[in-house]
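Participant: Sharing a sequence plus its predicted fold:
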Amino acid sequence: MNRFITSAALTLRVRSSGESNREAFFLTAEMGIIRATVYGGPKSRLRSHVSPFHSGALYLYHDPVRDTYKVSDFDVANWHPGIRESYERTVNAGAICEAILAGHGGGSDWNEALRRANLSFDALDGADAGCARRIALHFLWNWAELLGVRPDMDNDDELPAIRNPGALRWLRVVENLEPSALARYTLDDVSLQYAQTLCMEILSSAFGRRLSSWRNI
C-alpha cells in the first residue's frame, strides 16, 4: 500500500493523545473511517485545521509496520464556522458524526456517505434551532437507508407500534430532498419527537447501543 495517501475527508471527532498530540477520526471517500495522529502543539496550523466539521483534502502518511496513520496536511475547503456559533447546530452536527462513526462510515459506499454528510453540514451552517433538528433527523433517516436498516414505510409490521401520521408523512416527503431545502418543510414538535424516536429505535437496534448525542436533540 502507498505510504502517502490523499483523500477527500470530513473530520468527525478529535481528542487528546499524549501531552501535545491529538487523535482524529475522519470519514474519507477512499478508505471510510480513518483514525490518525495529529502532531503539534496548541498553536500549530495543522492542529487548527484538523477540527470537527472541517472538510477538505486530507494528506496522510501510513506506517505499514505499525499500521498507523499520521496527518501530514489538511487542506480545508469548508470550515463550517456557523456550526460552532450555535448550541443547537453543534449538538445536531455531533449526532450526525456519532451516527457515522457507529455505522462505520456507511459500510462501503464511502463517497456517498461523505457527500450526504457534507451537504448536511453545509445546511446546518446557517440553520435556526428548529431547522437544525430537522437536518439531523433527515440525515439519520437517510443514513438508516444507506446502511440497509430502514424499515419499509408501506409495511406496518416493520414499523414500531407507535403511530404518528404527521411524522411518517414528513419523512416520506423529505427523504429525497437536499438538506438545504428543509427550512421550507416544517414539522410540529410532537411529530418531530416521534420521528426522532423512530430513527433512534431503528439505528440503536442496528448499532446494538443508543447514541449518546441523541439525548441532547
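Facilitator: Structure's in. What do you need? Numbers count the residues shown, from 1 in each chain.

Participant: Helix or strand for the spatially closest residue to residue 202 that is not a sequence neighbour, just tell me which one.
Facilitator: Leaving aside its sequence neighbours, residue 202 sits nearest to residue 144 (CB to CB, 6 or more residues apart in numbering; 5.0 Å). For glycine as for every other residue, the C-beta is placed from the backbone atoms N, C-alpha and C. Element membership for residue 144, per DSSP states H and E: helix 129-147.

Participant: mean confidence for that helix?
Facilitator: Mean per-residue pLDDT for helix 129-147: 95.

Participant: Run the chain-centre distance for it.
Facilitator: With CA atoms, centre = their mean, to the nearest Å as the basis, helix 129-147 stands 9 Å off its chain's centre.

Participant: neighbours around residue 178, how many?
Facilitator: By the criterion of other CB atoms under 10 Å, residue 178 has 13 neighbours.

Participant: Pull out the buried positions in the helix or strand harbouring residue 7.
Facilitator: Assessed by DSSP H and E, residue 7 sits inside strand 4-17. Going by neighbour count (16 or more other CB atoms under 10 Å), the buried part of strand 4-17 is 5, 7-12, 14.

Participant: Adding distance to residue 129, write the residues you listed out as CSV.
Facilitator: As requested, the buried residues of strand 4-17 are arranged in CSV below (distance: CB to CB, whole Å):
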residue, distance to residue 129
5, 38
7, 33
8, 30
9, 28
10, 23
11, 24
12, 23
14, 25
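
Participant: and which of the residues you listed is nearest to residue 199?
Facilitator: residue 12 (18.7 Å; CB to CB).

Participant: Can you name the residues that contact the closest residue to residue 136 other than its chain neighbours?
Facilitator: Computed as CB to CB, 6+ apart, the closest residue to residue 136 that is not its neighbour in sequence is residue 92, at 3.8 Å. By CB atoms under 8 Å, 6 or more residues apart in numbering, the contact list for residue 92 reads 124, 132-133, 135-136, 217.

Participant: 10 Å instead, please
Facilitator: 83, 86, 120-121, 124, 127, 129, 131-137, 139-140, 213-214, 216-217 (CB atoms under 10 Å, 6 or more residues apart in numbering).

Participant: From those residues, list just the buried residues.
Facilitator: Buried among the contacts of residue 92 by 16+ other CB under 10 Å: 83, 86, 120-121, 124, 127, 131-137, 139-140, 213-214, 217.

Participant: Could you tell me the model confidence score at the residue of the chain lying at maximal distance from its centre?
Facilitator: In the chain, the greatest distance from the average C-alpha position (CA atoms, centre = their mean) is reached by residue 65, at 30.6 Å. pLDDT for residue 65: 92.

Participant: Could you do residue 180 as well?
Facilitator: So residue 180 comes in at 97 (pLDDT).

Participant: Once you drop chain neighbours, what's closest to it?
Facilitator: Nearest non-adjacent residue to residue 180 (CB to CB, 6+ apart): residue 123, at 4.7 Å.

Participant: just checking, what packs against whichever strand or helix holds residue 56?
Facilitator: Under the criterion of DSSP H and E, residue 56 resides in strand 55-63. If you count contacts as 3 or more CB pairs under 10 Å, 6 or more residues apart in numbering; DSSP states H and E, strand 55-63 packs onto strand 4-17, strand 21-28, strand 32-38, helix 45-49, strand 68-78, helix 110-124.
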